[in-house]
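Engineer: have a look; sequence and predicted model below, questions after that.
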2 protein chains.
Amino acid sequence: MEKIQSLEAILDTIPDENDRKEAYRILYGKPSTKIELPEEVEKIAKESNFDIKGWKFVPALEEETRKKRLVRIGAIQNSIVLPTDKPILEQLEAIHKKIGKLIEAAAMMNVNVCCLQESWPSPFFFCTREKFPWLQFAQDVFEGPSVKFCCQLAKQFNMVIVCPIIERDTQHQDIIWNTAVVVSNHGEVIGYHRKNHIPRVGDFNESTYYMEGNTGHPVFDTEFGKLELIFCNFGALSEPLWPIEARNAAIANSYFTVAINRIGTEEFPNEFTSGDGQKAHKDFGHFYGSTYVAGPDGTRTPGLSRIQDGLLVTEVDLNLITQVKDKWSFQMTQRLSDYAQLLKDAADLNFQRQIIKPNKK
Amino acid sequence: MEKIQSLEAILDTIPDENDRKEAYRILYGKPSTKIELPEEVEKIAKESNFDIKGWKFVPALEEETRKKRLVRIGAIQNSIVLPTDKPILEQLEAIHKKIGKLIEAAAMMNVNVCCLQESWPSPFFFCTREKFPWLQFAQDVFEGPSVKFCCQLAKQFNMVIVCPIIERDTQHQDIIWNTAVVVSNHGEVIGYHRKNHIPRVGDFNESTYYMEGNTGHPVFDTEFGKLELIFCNFGALSEPLWPIEARNAAIANSYFTVAINRIGTEEFPNEFTSGDGQKAHKDFGHFYGSTYVAGPDGTRTPGLSRIQDGLLVTEVDLNLITQVKDKWSFQMTQRLSDYAQLLKDAADLNFQRQIIKPNKK
């Protein structure tokens, strides 16, 4: 399963051209058009074995009362660099170096908003359930080394950077959160969002480390548009879910979603079990990348590679958001008050489901 | 676009066998296994040009404290039979005859719960915005001709039938609803559900005919398991959304969903416009079938044909539902109370979104 480059590489072997086009249409919606890579970027991609792709979404309609709001979104997926038994600071330095190169490529492609993967400065160590040494990767949302690193690059390249870290909250008894820090294009932290729904499945022992977030559902107002953060990170078990959930969120909520997943197999020094009756082992399983962007109209880009580090650049017109809202009117018919009441009832200790039974004979 | 038999027919032309398997795995999850069709059913399928397929979901785990709860779900997709300018009663009789044949085939395949498509007794006339003659298809949830027809077949074949109709509510000033009637395997109406979210897009002028439903979110307790009704019906514009939404609902809510879509192009006697700047025309566009079943673990069956009437039989073990709930624990971490409050706030006239802005310089 690890050897397949991407689903798209397989679809491209469909012999009949019309069939191939139809498959892409049914699977991905309106076809995006390629952004040609600058020669410099091609070179970096080749030298560093990065999968770099650029796509323009089908343009939104031209409006008379406002201008286009074109934004280039960069999404970066990557494997770790050093083995996990190397000193923490060395691991951190090595990953900073790789990410620096990818962000530089993003800058060359005029990316305005660049998103990194969940907990990018560290391996995905939650499978181990070990607090030490891994929580040495945890850092402050303002002063942490990876945040400062992103602030410096954000300023240098005039680029908003979303920097997801494992946070140590020194203001509140040193507890840990899973936090996405939003850095403005002037290199300052605008704010942050703590992950709201913490998985309790398989090797995702994240709840051993941190609780459900307490930062609500903020929108970050940047120079390039308002960001609502939805980030996903999946493991080997769930590859068939990967194309579904972020894309459904884009459709249901009428916004763009950026689904970024890591790459590679991470091995840890000590063995651990997975709560599935299988023997102890030292790796999490394969992270399959396949990073993509989905739009409010259900269109999505092809995915990045399943096995290579990569940068996905997607040009979108934010005007598409209101255009789709106006056309589909989902928001108008969502019956918020009804569901507010329903959820309140459902959370009540004495809640009884509405069950309709046949008449007794 | 109308000529493609199905996405699966295209995927089956992928030359490399391993690639083909990988494509199906990534797109559909764990492979379902075929149910062989009885000879009689093969014959009906051939004679009537039906696409009949049977799939068994990968089995749930064997439990020690309860038995398997195997259920065979039938999903029927179909085109209308007579042209829409024929007398209403003749149209009704002809569609009853076709559906009778498909339900009989479902019975031969031991289907326990059979679902028909939205508003199956009539053409999808909402594009016309004409109340007459179309609302002559509207009927009573207990006494309507198509409901009685289903009651009779349900009893004959010991099969629960979900019978979606356009309802005339004679108890409440003759208003119209879009209603799914649930008929027990003893041939009695257990209850009904009125569609909650009425589209206002393109030719889906359903809101011209009926309002958002007032029957809540009931669960129907049948001899073969509890049914929660989620039904979808789409038009030509939205084919890339079709594989996403019902499947996402199955994943997010840990149940099985049955996504049924009509077939064919329906022409109406009088021309109408579509609110899209295009010229008046007489047809809705192509309904692309592709009916499928999705499970709580994200697995889905291949779809039925895009161009043929069809019956999809899917054998599932309802025990999978709690097994997935226990494994993934989505319900545990869904934070119902928080969202109840959030939706309440969001519906308030004075609601202010949580927007985080950069500091002013």
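Structural biologist: Arrived safely, thanks for sending.

Engineer: where's the closest residue to A:Asp19 other than its chain neighbours relative to A:Ile244, distance?
Structural biologist: Using Cβ to Cβ, 6 or more residues apart in numbering or on different chains and skipping the chain neighbours, the partner closest in space to A:Asp19 is B:Ile10 (4.6 Å). C-beta coordinates here come from the backbone N, C-alpha and C atoms, glycine included. When distances are taken as Cβ to Cβ, to the nearest Å, B:Ile10 and A:Ile244 turn out to be 20 Å apart.

Engineer: repeat for A:Thr291
Structural biologist: Distance of A:Thr291 to A:Ile244, given as Cβ to Cβ: 15 Å.

Engineer: same check on A:Lys86?
Structural biologist: In this structure, A:Lys86 lies at 36 Å from A:Ile244, with Cβ to Cβ as the measure.

Engineer: the more surrounded of these two?
Structural biologist: Set side by side, A:Lys86 and A:Ile244 show unequal neighbour counts under other Cβ atoms under 10 Å in any protein chain shown, the larger going to A:Ile244 at 22 against 13.

Engineer: picking that back up, in what helix or strand does the residue nearest to A:Asp19 lie?
Structural biologist: Taking DSSP states H and E as the definition, B:Ile10 sits inside helix B:7-11.

Engineer: who does the next helix-or-strand element following that helix touch, helix- and strand-wise?
Structural biologist: From helix B:7-11 onward toward the C-terminus, using DSSP H and E, the following helix or strand is helix B:17-28. Taking 3 or more Cβ pairs under 8 Å, 6 or more residues apart in numbering or on different chains; DSSP states H and E as contact, the helices and strands that helix B:17-28 lies on are helix A:7-11, helix B:7-11.

Engineer: including distance to A:Val181, mean pLDDT and mean neighbour count, could those helices go into TSV?
Structural biologist: Written out in TSV, the entries for the helices and strands packed on helix B:17-28 read as follows (distance: least, Cβ to Cβ, whole Å; pLDDT from 0 to 100; neighbours: other Cβ atoms under 10 Å in any protein chain shown):
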stretch	distance to A:Val181	mean pLDDT	mean neighbour count
helix A:7-11	32	97	20
helix B:7-11	40	97	20
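
Engineer: for B:Met332, which of the ones you listed is the nearest?
Structural biologist: B:Met332 lies closest, by Cβ to Cβ, to one member of these: helix A:7-11, at 31.7 Å.

Engineer: can you list contacts of that closest one?
Structural biologist: Counting by Cβ atoms under 8 Å, 6 or more residues apart in numbering or on different chains, the neighbours of helix A:7-11 from elsewhere in the structure are A:4, A:20, A:23-24, A:27, A:290, A:302-303, A:306, B:14, B:16, B:19-20, B:22-23, B:26-27.

Engineer: ok, 6 Å please
Structural biologist: For helix A:7-11, the surrounding residues in contact (Cβ atoms under 6 Å, 6 or more residues apart in numbering or on different chains) are A:Ala23, A:Pro302, B:Asp19, B:Ala23, B:Ile26.

Engineer: equivalent analysis for stretch A:19-36, please.
Structural biologist: Taking Cβ under 6 Å, 6+ apart as the criterion, the residues outside stretch A:19-36 that touch it are A:11, A:14, A:54-58, A:298-301, B:4, B:7, B:10, B:239-240.

Engineer: okay, A:Ala42: pLDDT?
Structural biologist: Heads up, residue A:42 is Glu, not Ala. On pLDDT, A:Glu42 comes in at 97.

Engineer: sorry, slip of the keys, the one I care about is A:Leu229.
Structural biologist: At A:Leu229 the predicted local confidence, pLDDT, stands at 63.

Engineer: can you tell me how far A:Thr299 is from A:Leu336?
Structural biologist: As it turns out, when the distance is counted by Cβ to Cβ, A:Thr299 lies 26 Å from A:Leu336.

Engineer: between the two, who's got more neighbours?
Structural biologist: Using other Cβ under 10 Å as the criterion, A:Thr299 and A:Leu336 rank with A:Thr299 on top: 23 against 16.

Engineer: where does A:Leu311 land in three-state SS?
Structural biologist: Here A:Leu311 takes the strand state, with states given by DSSP: H, G, I helix; E, B strand; the rest coil.

Engineer: and it, what's its pLDDT?
Structural biologist: At A:Leu311, the pLDDT value in this model is 98.

Engineer: in which helix or strand does the nearest residue to it once chain neighbours are set aside reside?
Structural biologist: Nearest residue to A:Leu311, sequence neighbours excluded (Cβ to Cβ, 6+ apart): A:Ile52, at 4.7 Å. When elements are defined using DSSP H and E, A:Ile52 is found to belong to strand A:50-56.

Engineer: average model confidence for that strand?
Structural biologist: Average pLDDT, strand A:50-56: 98.

Engineer: continuing past it, what's the next helix or strand?
Structural biologist: Using DSSP H and E, the helix or strand that directly follows strand A:50-56 along the chain is strand A:70-77.

Engineer: which of the residues in the next helix or strand after that following strand are buried?
Structural biologist: As assigned by DSSP H and E, the chain's next helix or strand after strand A:70-77 is helix A:88-108. Applying a neighbour-count criterion of 16 or more other Cβ atoms under 10 Å in any protein chain shown, the buried positions in helix A:88-108 are A:88, A:91-92, A:95-96, A:98-99, A:101-108.
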